[in-house]
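Asker: coordinates only, no sequence provided:
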């Protein structure tokens, strides 16, 4: 199987983020993804896009979020880029700490880290690259 590459560009609005489920669902048939791969990818891409729109680009519709998904035989790699100021993922609050349990911030970064098989932040935090290993 040769690598399959898919791209999605979104304006930084929550309305635009509603395109993510159809985009990922479309990949399932084109790339023969399993139900588990599709649902995991859906969650991770949704979290990364929401973070990029809300926290990265600060809901500025003139800024874009770029999503690239590369599907290979052994892995699915996703890159989500925003045009914001960046951030340090090590400085996000741990949502499992008692004082943060009711705080909505930090959950997306936590979920991406916990669910993906590998995650890297690049370009000062403006780009997140995560991987799901395939069986």
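Answerer: It's in. Computed from a predicted model, the values in this text were never measured in an experiment.
Asker: only C-alpha atoms from now on, for both contacts and neighbour counts.
Answerer: Fine.
Asker: let's test this: name the helix or strand in the chain with the lowest mean pLDDT.
Answerer: helix 107-115 (a mean of 87; mean pLDDT, DSSP states H and E).
Asker: buried sites along the next helix or strand after that helix?
Answerer: The element immediately downstream of helix 107-115 (helix or strand, assigned by DSSP states H and E) is strand 118-122. By 16 or more other CA atoms under 10 Å, the buried positions in strand 118-122 come out as 119, 121.
Asker: tell me which strands strand 118-122 pairs with, and in which orientation.
Answerer: Pairing partners of strand 118-122, with direction, according to DSSP bridges: strand 127-133 (antiparallel).
Asker: so how far is residue 86 from residue 58?
Answerer: For residue 58, the distance to residue 86 (CA to CA, to the nearest Å) stands at 11 Å.
Asker: same question, residue 110
Answerer: Separation of residue 110 from residue 86 (CA to CA): 17 Å.
Asker: got it, and residue 132?
Answerer: Distance from residue 132 to residue 86, by CA to CA: 24 Å.
Asker: go on, residue 109?
Answerer: Using CA to CA, residue 109 is found at 13 Å from residue 86.
Asker: next one: residue 20
Answerer: Following CA to CA, the distance that separates residue 20 from residue 86 is 22 Å.
Asker: cool, residue 48 as well?
Answerer: Between residue 48 and residue 86 the computed distance is 13 Å (CA to CA).
Asker: how about residue 51?
Answerer: When residue 51 is compared with residue 86 (using CA to CA), they lie 11 Å apart.
Asker: which ones are touching residue 63?
Answerer: By CA atoms under 8 Å, 6 or more residues apart in numbering, the contact list for residue 63 reads 11-12, 57, 82-83.
Asker: swap in 7 Å and give it another go.
Answerer: Residue 63 makes contact with 11-12, 57, 83, according to CA atoms under 7 Å, 6 or more residues apart in numbering.
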